[in-house]
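Asker: Attaching a predicted model along with its sequence, questions to come.
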2 protein chains.
Amino acid sequence: METLCTHPIRYVADHTGLKPYLIRTWEERYGVVRPHRTSGNRRLYSDDDIRRLKLLKQAVDCGHNISTVAELDDKELIALVKRAAQDRSRQARQGPSEPSGSQPPSPTSAWPTIERALNSIVQLDAPALETVLSEAAVDLPRQTFVVDIVVPLFARIGDLWRTGKLKTVSEHMASVTVRSILWDMLRTVENAQDAPRIVVATPAGHRHEIGALTSALAAAESGWTPLYFGPNLPSDEIAYAVKKCNARALSLSLCHSLNASRLSVELGKIRRAAGSDLPIFVGGPGVAAAGAALERIAAMVCDDLQTFRDRLEMLT
Amino acid sequence: METLCTHPIRYVADHTGLKPYLIRTWEERYGVVRPHRTSGNRRLYSDDDIRRLKLLKQAVDCGHNISTVAELDDKELIALVKRAAQDRSRQARQGPSEPSGSQPPSPTSAWPTIERALNSIVQLDAPALETVLSEAAVDLPRQTFVVDIVVPLFARIGDLWRTGKLKTVSEHMASVTVRSILWDMLRTVENAQDAPRIVVATPAGHRHEIGALTSALAAAESGWTPLYFGPNLPSDEIAYAVKKCNARALSLSLCHSLNASRLSVELGKIRRAAGSDLPIFVGGPGVAAAGAALERIAAMVCDDLQTFRDRLEMLT
DNA sequence: AAATATTAAACACAATGTTGACATATGCAA
DNA sequence: TTGCATATGTCAACATTGTGTTTAATATTT
C-alpha cells in the first residue's frame, strides 16, 4: 500500500516519542530521514519515515550511538533491535527469576510505573490508568512495554485479587483498559500479507484475555498474523477456527488452574480435531497445574513471551 | 435511495461538529468542498460534502494539518483516519459534538451493510468485518450506526447462533471486533469534566459486552460520563463501584435469560447495597425473563437506546 | 423585523523553522 | 591524572506560517 499521506512533525513526535527538536537535529546532523516540505517550508513525513524514526529510537534506547545507527537501513535496524531485546530478556531470565512467579517484578525502571498504575486501578480511575500506561508505551518499545509493564502488572493484580486485597471491579477495570491498549498496538503491527497465521484464544472456562492478547502481540511482532478469538472458546470451535482460517499454529493462554480435568478433556479434543501436525503453544500462569495434559497433547509450553517468540520464529 | 437533497450550512455544522465560519474558511482557503448556491448565494451542501467534512474533521482531530489533508480524496481520508483511530495521545481541541437534536433517518439503508458484515463473520474474516463497519461508521452519525447497524447485527447473530446456524467462534470474532470499534467511538465522545457519572456493566452470569458498550455510548452522547466495568460482575462489586466512583446512575445489560433466580438475587443485592435513590437502568434481550425481579428493585426498563437516552437526559 | 448568511479583512495565537549557543558525557592524547 | 576534541541532547531567540476566531458591512430568508 502506497503512503500518499504525509504527517506534520508534531504527529511524528507523538508517534515516536522523540521531541520535535530532536527529530530536526537528527535530520540535520545525521540525515536520518529526508522529509518533504510544504510550500511554506514545513516538514512532511511519510509512514516510512515514522517507522524508521521509531526504529532509530529503539536502537538508541538499546544503548547504540545515533551517529552509528543512523547509517543503517531499516532491515539492519530491525535485526539490531531484535537482538538487543533477546539479550535483555535472556539476562532477565538468568536474574532473579523466582519460580513462584509473582514476586516483585523486574528491577527495571518499570517499577514506579506499575505502582502508579496499580494506584489508579485501586481508585477505579480508568483515565488515570490509561494515562500512566500510554506514557509508558511511548517511551518503551512495544515488546518491552508488554514484558516489563503489562505482564508484571497483571501478575500483581492476580496476587492482590487472590488474597482479597483487590476488588474484582478493579481487576475488571484494569482488564478492560489494558486490553484496549493491547488491541490498538496489535493493529499497528504491520506484517506481510502472506505471513503465516496463528489462532489465539483461551480454552473454555478461561476468561482472562490479557495473556492471550500479549501472545497475539508477540506473534505479530515475530512476523505472524494473529487471529484473535477471545476468551472462553470450546475446543471444537478452536479447532474449527484453525482449519477455517488455514492457520499454521495455535496459541492458548491459561490464566488459572481451575478445573484441570475439564481442561484436559478440552485439550485432548483440540489435538484430535486439529491433527498431530499443528504446533500448539501454551502459556500463562495456569500451565503448572495442567502439566500432564499438556504433555499428552505435545503442547509447547512457553514460560515467557520471549521463548514463545523464539519458537515461533524457528517455525518459519 | 437517491439523496439529491441539499442542506444549509447550519445543518452541516450541526452534523459535523464544525462551526459555520470554519466550514466557509476551509472552503475558501483549502477548497475542501464546492457547495452549490441558492439563487440568493447561500451555500447548499450535499450528503457527500457532509461526509467529506466529517472525515476531514476526524483527520484534523487526529493531529493532521488541514492544509495537507485537504488535498486527499475520500478514500485516502478513510484510510488515514482508520489508521489514526489507533492513536492514544490525542488532545481534543474541538468543542463538544452536537447534541442529539432531530436526526433525520439515515440515507443509507442498513440492510446491505449488515449482510456484508454477517458474511465476513461467517468467513471469520475480521479485517473485512472491520472494513465494512468502519465504512458504515463514517457515513452515519454515531447513534444511527449503533441503532441501525450494531444492534440489529447482534440480534441476527444471536438468532443464528441459537439455531445453530452460526459457530461460536464467529460470534466471538464479531464481539471482539465490534467492541473495539465501540470502544474507540466511546473515547472520542467529549463530555464536560463535571458530567454526572453512570456505572455500566453486566451482572454476574452475563458475559456479553456489546449491549453494555452500546448503552455506555448512548450515555456518553447524552452528556454523561460512562464508567465501563465490563461483563460478569458480581452484585457487591457493582454496588462498590457505584459508591466508589460517586456515580449518579447504574446501567445493566442483560443479554440472555438464563438463571433468572440467580439474577433476581443479584439484582436484589445491588438495590440494597446501592440505596433506594439510585436510578437503575436495565436493557437488553434478557429483560423479558427478568420481569418480576426488575419491578421489585424498581429498575427502569429500557426497550431501546432512545428511551434510555431520553430518561437519562430527564435526570439532569 | 429578526434571524441567519456572505464576504473580506483583520486578529491572535500556536506550531514550525532556523540559527546559535550551551551542557554534558565520552574517549583520546598529552 | 589533566586537557581537549567530539558526540549528543537541550534550549533560547526570533522570523514565518498555519489556522481558529472575530468584526463589520451587506444581503437573504423567514
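Answerer: Arrived safely, thanks for sending. Numbers count the residues shown, from 1 in each chain, chains lettered A, B, ... in the order given.

Asker: Could I get the full set of helices for the stretch 51-200 of chain A?
Answerer: In the stretch 51-200 of chain A, the segments counted as helices under DSSP state H, counting those that start in this stretch are A:66-69, A:74-94, A:110-122, A:126-139, A:142-144, A:151-162, A:168-188.

Asker: Out of these, the one nearest DNA strand D is which?
Answerer: Smallest distance to DNA strand D across the helices of the stretch 51-200 of chain A (C-beta to the nearest atom of the strand): 2.6 Å, for helix A:66-69. (C-beta placed from N, C-alpha, C; glycine too.)

Asker: Going by contacts, tell me the helices and strands next to the closest one.
Answerer: Identification of packing neighbours for helix A:66-69 by 3 or more C-beta pairs under 8 Å, 6 or more residues apart in numbering or on different chains; DSSP states H and E yields helix A:20-30, helix A:47-61.

Asker: what's the closest of those helices to DNA strand C?
Answerer: Taking the helices and strands packed on helix A:66-69 one by one with C-beta to the nearest atom of the strand, helix A:20-30 is closest: 5.5 Å.

Asker: pLDDT value on A:Gly17, please?
Answerer: As predicted, A:Gly17 sits at a pLDDT of 85.

Asker: Need phi/psi at it.
Answerer: phi 80, psi 0 (degrees, to the nearest 10).

Asker: how many neighbours does it have?
Answerer: Look at A:Gly17: counted by other C-beta atoms under 10 Å in any protein chain shown, it has 19 neighbours.

Asker: my guess is it meets A:Lys57, correct?
Answerer: Yes - in this structure A:Gly17 lies within contact range of A:Lys57 using C-beta atoms under 8 Å: 6.2 Å.

Asker: what's the burial count for the closest residue to DNA strand D within the stretch 201-316 of chain A?
Answerer: Per C-beta to the nearest atom of the strand, A:Glu221 is where the stretch 201-316 of chain A lies closest to DNA strand D, at 24.1 Å. When counting by other C-beta under 10 Å, one arrives at 23 neighbours for A:Glu221.

Asker: Could you pull up the contacting residues of it?
Answerer: A:Arg142, A:Gln143, A:Val189, A:Arg309 (C-beta atoms under 8 Å, 6 or more residues apart in numbering or on different chains).

Asker: Then A:Leu124?
Answerer: A:Leu124 is in contact with A:Val169, A:Ser170, A:Met173, B:Leu227, B:Ala241, B:Lys244, B:Cys245, counting by C-beta under 8 Å, 6+ apart.

Asker: As TSV, those with distance to DNA strand D would be great.
Answerer: Listed next are these as TSV, based on distance: C-beta to the nearest atom of the strand, whole Å:
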residue	distance to DNA strand D
A:Val169	38
A:Ser170	35
A:Met173	34
B:Leu227	29
B:Ala241	36
B:Lys244	36
B:Cys245	32
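
Asker: and of the residues you listed, the nearest to DNA strand C?
Answerer: Checking these against DNA strand C with C-beta to the nearest atom of the strand, the nearest one is B:Leu227 at 29.6 Å.

Asker: Look at the closest one and tell me its secondary structure.
Answerer: strand (DSSP: H, G, I helix; E, B strand; the rest coil).

Asker: which stretch in the helices of the stretch 51-200 of chain A has the least confidence?
Answerer: Lowest mean pLDDT within the helices of the stretch 51-200 of chain A: helix A:74-94, at a mean of 65.

Asker: can you give me the strands in the stretch 151-300 of chain A?
Answerer: Using DSSP state E, counting those that start in this stretch, the strands assigned to the stretch 151-300 of chain A run over residues A:197-201, A:225-228, A:249-253, A:280-283, A:300-302.

Asker: Tabulate these in CSV, adding columns for mean pLDDT, distance to B:Cys62 and mean neighbour count.
Answerer: Shown next, in CSV, are the strands of the stretch 151-300 of chain A (pLDDT from 0 to 100; distance: least, C-beta to C-beta, whole Å; neighbours: other C-beta atoms under 10 Å in any protein chain shown):
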stretch, mean pLDDT, distance to B:Cys62, mean neighbour count
strand A:197-201, 97, 28, 27
strand A:225-228, 96, 25, 24
strand A:249-253, 96, 32, 26
strand A:280-283, 95, 35, 23
strand A:300-302, 94, 36, 19
